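1. Kindly return the folded structure for what I paste below:
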Amino acid sequence: MASPMRIFYKNTKMIHMENKSDSFLYNDEIEWQPAGEGITRQIMGFDNQIMLVKVKFEKGAIGSEHAHHHSQTTYVASGVFEFTIDGNQAIVQSGDGIYVAPNLLHGAVCLEPGILIDVFSPMREDFL
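-> Numbers count the residues shown, from 1 in each chain. I've put the predicted structure just below:
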């Protein structure tokens, strides 16, 4: 019996999961999912305790302020972003990192196109 959680791949292959991803996930096989205007994401691995997500931003895209019960840490793989966390603002760029404690209001504005690598604990079930 298939689980309701699944990831869709470009080659129309569908993988059903029981709260975990496959061990190997290949960039060119994972569809980019819409995540807001000018924002797309790929889920790059997860289980019940952790999730890795690659998020691509176009210049000017806004990650609206929001809060969630997950711990989040983010690595700026490329680009420049203005982050707001709990009312504090900072500019971050390629090579920088961010930590967001659970339930803190946070968001970002993309100043130069780029990619963020987000890690959540526990996993973001709402992304599946």
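2. Would you mind identifying the helix or strand in this protein with the lowest mean pLDDT?
-> Ranking every helix and strand in the chain by mean pLDDT, DSSP states H and E puts strand 14-16 at the bottom, with a mean of 41.
3. In contact with the residue nearest the centre of the chain, which residues?
-> Centroid check for the chain by C-alpha atoms, centre = their mean gives residue 53 as the closest residue, at 3.7 Å. Residue 53 is in contact with 41-44, 117-120, 124, 127, counting by C-beta atoms under 8 Å, 6 or more residues apart in numbering. No exception for glycine: its C-beta is placed from N, CA and C like everyone else's.
4. Need these in TSV (columns: neighbour count, pLDDT and secondary structure).
-> Shown next, in TSV, are those (neighbours: other C-beta atoms under 10 Å; pLDDT from 0 to 100; DSSP: H, G, I helix; E, B strand; the rest coil):
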residue	neighbour count	pLDDT	secondary structure
41	21	97	strand
42	19	97	strand
43	19	96	strand
44	17	96	strand
117	16	98	strand
118	20	98	strand
119	18	98	strand
120	21	96	strand
124	16	90	coil
127	16	88	helix
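5. can I get those residues in a markdown table with distance to residue 111?
-> Shown next, in a markdown table, are the contacts of residue 53 (distance: C-beta to C-beta, whole Å):
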| residue | distance to residue 111 |
| --- | --- |
| 41 | 19 |
| 42 | 22 |
| 43 | 25 |
| 44 | 24 |
| 117 | 18 |
| 118 | 18 |
| 119 | 22 |
| 120 | 24 |
| 124 | 25 |
| 127 | 25 |
